[in-house]
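# starting from these lines, generate the structure:
(one chain, ligands or ions: 3)
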Amino acid sequence: MQVTLKVMRYDPNKAAKPSWVSYQVEAEPMDRVLDLLHKVKYQQDGTLAFRRSCGHGICGSDAMVINGQNRLACKALVKDLTKKAGDTITVEPIRGLPVEKDLVVDMEPFFEAYRAVKPYLINDEPPPDRERLQSPEDRARFDASTKCILCAACTTSCPVFWVNGSYIGPAAIVQAHRFIFDSRDRGARERFQALAASTGVWRCRTAYNCTEACPREIPVTQAIEEVKRAILYDKF
Ligand code: SF4
Ligand code: F3S
Ligand code: FES
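Residues are numbered from 1 along each chain as shown. Ligands and ions are numbered 1, 2, ... in the order given. Reported below is the predicted structural model:
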């Protein structure tokens, strides 16, 4: 089948603003949008810029706005997109982060928020002879949050983040959730400094865009609510 791939392109060194460029691409129904981008880059225009690595929904590097929704290009199938919206597929960079070129954005503000929640196990108590044990029930408490691949689809779909980029964002909160609710961790209060600040969890307006955007089906809004309650009823 023939698909029109409409890509929002922008080279800040050459143009004052972004513009749409359309490419006609031969596609199979089971092709992913990532395959179409490769076809354009390798066969039509080598200047097209986008990020990708694993090609299989693991590395989190190819989140983009596809037909108006945040998705991973390596998981968005042509057959699903064309069934809903015809044979034109639109691709734009994720929103709220500065565009470096075409679909490549500056992820540094996103990772700054990630680092602010100290996304690692904190426990200064002397370690036991063997590993720090944990019951299956305690492990289940933060299981969903361990699935995050830091793709930024959640944070860049959040209207609060679009308006104010200093909001720490749902991805960082999910990462905080992963450690706050880990029974072996003792660093919750350290993380609360960033999470309870004016740029932290209280900015969330429960818009749910983040949960809908997450390619790992993490209940992001629920994690945010749990972190809010943890701060309010501090039992750490
Ligand atoms: Fe991506 Fe989901 Fe992690 Fe957000 S919570 S960064 S959408 S995997
Ligand atoms: Fe934004 Fe998600 Fe809250 S979209 S407002 S972080 S529920
Ligand atoms: Fe790694 Fe899509 S290329 S998640």
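
# which strand or helix spans the residue positioned nearest the centre of the chain?
Residue closest to the mean C-alpha point of the chain, counted by Cα atoms, centre = their mean, is A152 at 2.0 Å. Counting by DSSP states H and E, no helix or strand carries A152.

# contact residues of the chain facing ligand 3?
Counting by Cβ under 6 Å from any ligand atom, the residues of the chain close to ligand 3 are R52, S53, C54, G55, G57, I58, C59, G60, S61, D62, L72, C74. Yep, even glycine has a C-beta here, placed from its N, CA and C like the rest.

# the residues you listed: which ones sit near ligand 1?
Okay, of the residues of the chain next to ligand 3 touching ligand 1 (Cβ under 6 Å from any ligand atom), that's G60.

# from the residues of the chain next to ligand 3, pick the one nearest Y233.
Y233 lies nearest to G60 out of those, by Cβ to Cβ, at 32.0 Å.

# I figured that closest one hits T155, correct?
No: if you go by Cβ atoms under 8 Å, G60 and T155 don't touch, sitting 11.8 Å apart.

# so which of those two has more stuff around it?
Neighbour count, other Cβ atoms under 10 Å: between G60 and T155, T155 has more, with 34 against 19.

# roughly how far does the more buried one sit from D129?
Distance of T155 to D129, given as Cβ to Cβ, to the nearest Å: 41 Å.

# let me see the contact set for the residue nearest to the centre of the chain.
G60, A63, I94, L97, M107, F110, A171 (Cβ atoms under 8 Å, 6 or more residues apart in numbering).

# which ones among these map onto strands?
A63 (DSSP state E).

# among the contacts of A152, which two are most distant?
So, the contacts of A152 by Cβ to Cβ: farthest apart are G60 and L97, at 13.9 Å.
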